[in-house]
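# prediction below, plus the sequence it came from.
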Amino acid sequence: MRIGVDARYAFRRQPRGIGRYLQALLAAYRALGVRDTFVLFVDAQADLTAFGDLPADCALVRLPGRNPLRFEEWELPRHARRHRLDVLHLPANYGRVVPGVPTVFTVHDLIEFRRFEFSSHPLPLRHRVGRAVRIRRLPRELHRARAVVAPSLWAADDIEQRLGVPRSRIRVIPHGCFEDVRTGPPRAEALSRLRAQGLAVPERFLLALDAVDARKNAALVRAAFPRVKARLPDVGLVTVGHEHREGVTLEAGEIRAGYVDRPTLCLLYRAASLFVFGSLQEGFGFPVLEAMASATPVVALRASSVPEVGGDAVLYVDESDPGKLADLVLQVLGDPDLAADLALRGEARSQVFTWEQSAREHHRCLVEAAGS
């Protein structure tokens, strides 16, 4: 079987969520001994060294142009027809169904449909145009697809309710956990390495994500932290995130690390006393899974897909209330036995999510789509 894949984001110098998902999925196909040929379509921005050596059963097709909309609307459909594919996988929330080629989408979330609810951060014109086209076309494309993969039951419900895609066409296939967070050093060594890199992290600190996107709800953790600090003066807060945040005042004891590379993020997960996650909407919730895999206790807002990932290994706050979040944080930090129990349960819970199982289910979905 010849499987086409929109593989643009797997070939970035610093791949993020969708790119790392694709890299892990392709590697797991290989580990499972899948014998199909993969035709990987990439764009002019592709870093062909980012993915390492490609196996013999992967054909790389570099398409012209750097504009994402041109790639999705014109170049990929045109070249997909030429390559006589049995099935096409569009794993990045959007694409065009190619006539005569069975198509499977992965829709990780519908944040593009909600961006106006969560963010006043202005997008560049080309992003606004691309977003408008995708929002207008995606419902129709999903209705024409053979199948739609969603990473959680919450995401599947959202796709069904918001876009009207029949539930019978949606396959829930959870992501796996990346191995780099499972294999980090002990906490004391992680702290030492971070300090050697110039991050002056305290012995005890909360780790949280920062972002311009209000969906991540960074303000909740920042509002809860002074209440924690008042009771436990030795505890700090380390926030990480790609975007520069203007007009946000640092709390006493807060270290804003900004964007950090992947190895540093893995060390932070390992070194943190507690990971605090206030996100309002997540299609899957990788940060919760990665913190659990790092044997770090997690406190999170009970929202969207997060309980599907965390199960009973996470302590949840039921509303976006800084006082209630601070109370839970203090409960964990003040009870070493509870913290140790959450760490053990989280590590065990993370073992449920493997890329081998995810790849097995993805491949079954692709085979069924090709044969239907």
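Arrived safely. Numbering: from 1, shown residues only.
# all contacts plus neighbour counts: C-alpha atoms, from now on.
Noted.
# give me the below-cutoff pLDDT ranges for the stretch 151-300 of the chain.
212, 242-251 (pLDDT under 70).
# same thing but at 50, please
246-247 (pLDDT under 50).
# helices of that one, start to end?
Taking DSSP state H, counting those that start in this stretch, the helices of the stretch 151-300 of the chain run over residues 153-163, 179-182, 187-196, 218-231, 262-271, 286-293.
# go through those helices and pick out the most buried.
The highest average neighbour count among the helices of the stretch 151-300 of the chain, using mean count of other Cα atoms under 10 Å, belongs to helix 286-293 at a mean of 25.
# sorry, back to before: closest to L26 out of the helices of the stretch 151-300 of the chain?
Closest to L26 of the helices of the stretch 151-300 of the chain is helix 179-182 (Cα to Cα; 14.6 Å).
# what helices and strands are in contact with the closest one?
helix 262-271, helix 286-293 (3 or more Cα pairs under 8 Å, 6 or more residues apart in numbering; DSSP states H and E).
# can you name the residues in contact with that helix?
266, 269, 290-291, 293-294 (Cα atoms under 8 Å, 6 or more residues apart in numbering).
# adding distance to I255, write the residues you listed out as TSV.
Output for those, formatted as TSV (distance: Cα to Cα, whole Å):
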residue	distance to I255
C266	17
Y269	15
E290	21
A291	19
A293	23
S294	21
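# report the distance from stretch 297-317 to the chain centre.
Chain-centre distance of stretch 297-317: 16 Å, with Cα atoms, centre = their mean, to the nearest Å.
# alpha carbons of it, as PDB, please.
Written as PDB, here are the backbone C-alpha positions of stretch 297-317 (Å, rounded to 0.1, in the frame of the first residue of the first chain):
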ATOM      1  CA  PRO A 297       3.100  15.400  40.600                       C
ATOM      2  CA  VAL A 298       0.400  17.200  38.700                       C
ATOM      3  CA  VAL A 299      -2.400  19.600  39.700                       C
ATOM      4  CA  ALA A 300      -4.600  20.700  36.800                       C
ATOM      5  CA  LEU A 301      -7.900  22.400  35.900                       C
ATOM      6  CA  ARG A 302     -10.600  19.800  35.200                       C
ATOM      7  CA  ALA A 303     -11.300  20.800  31.700                       C
ATOM      8  CA  SER A 304     -11.600  19.400  28.100                       C
ATOM      9  CA  SER A 305      -9.400  16.300  27.500                       C
ATOM     10  CA  VAL A 306      -7.100  16.700  30.600                       C
ATOM     11  CA  PRO A 307      -9.000  14.200  32.800                       C
ATOM     12  CA  GLU A 308      -8.800  11.600  29.900                       C
ATOM     13  CA  VAL A 309      -5.000  11.900  30.000                       C
ATOM     14  CA  GLY A 310      -4.500  12.300  33.800                       C
ATOM     15  CA  GLY A 311      -7.100   9.900  35.100                       C
ATOM     16  CA  ASP A 312      -6.900   9.400  38.800                       C
ATOM     17  CA  ALA A 313      -3.100  10.300  38.800                       C
ATOM     18  CA  VAL A 314      -3.800  14.000  38.800                       C
ATOM     19  CA  LEU A 315      -5.400  16.300  41.400                       C
ATOM     20  CA  TYR A 316      -8.000  18.500  39.800                       C
ATOM     21  CA  VAL A 317      -9.500  21.900  40.600                       C
END
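# give the buried residues for that stretch.
297-310, 313-317 (16 or more other Cα atoms under 10 Å).
# show me what it is in contact with.
Stretch 297-317 is contacted from outside by 152-155, 273-285, 288-289, 291-292, 318-320, 324-325, 328-329, 339-340, 342-343, 345-346, 349, using Cα under 8 Å, 6+ apart.
# out of those, which sit inside strands?
Residues of the contacts of stretch 297-317 located in strands (DSSP state E): 274-277.
# and which of those is nearest P99?
Checking these one by one against P99 (Cα to Cα), the nearest turns out to be F277, at 42.3 Å.
# follow-up on the earlier one: next step: the buried residues of stretch 297-317 restricted to helices.
306-310 (DSSP state H).
# hang on, the earlier thing: among the contacts of helix 179-182, which pair sits farthest apart?
Within those, two members stand farthest from each other by Cα to Cα: C266 and A293, at 10.2 Å.
# quick one: name whatever helix or strand follows the longest helix belonging to the chain.
In the chain, with assignment by DSSP H, the single longest helix is helix 125-144. Counting by DSSP states H and E, the element after helix 125-144 in chain order, helix or strand, is strand 147-150.
# and that following strand, what's its mean pLDDT?
What strand 147-150 shows for mean pLDDT is 98.
# list the buried ones in that strand?
Neighbour-count burial for strand 147-150 [16+ other Cα under 10 Å]: 147-150.
# can you redo the residues you listed as JSON lines with distance to N217?
Output for these, formatted as JSON lines (distance: Cα to Cα, whole Å):
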{"residue": "A147", "distance to N217": "32"}
{"residue": "V148", "distance to N217": "28"}
{"residue": "V149", "distance to N217": "26"}
{"residue": "A150", "distance to N217": "23"}
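# what's the closest of the residues you listed to D86?
A147 (14.1 Å).
# so the closest one bridges to which residues?
V104 (DSSP bridges).
# surely A208 touches F225?
No. A208 is not in contact with F225 according to Cα atoms under 8 Å; the separation is 10.6 Å.
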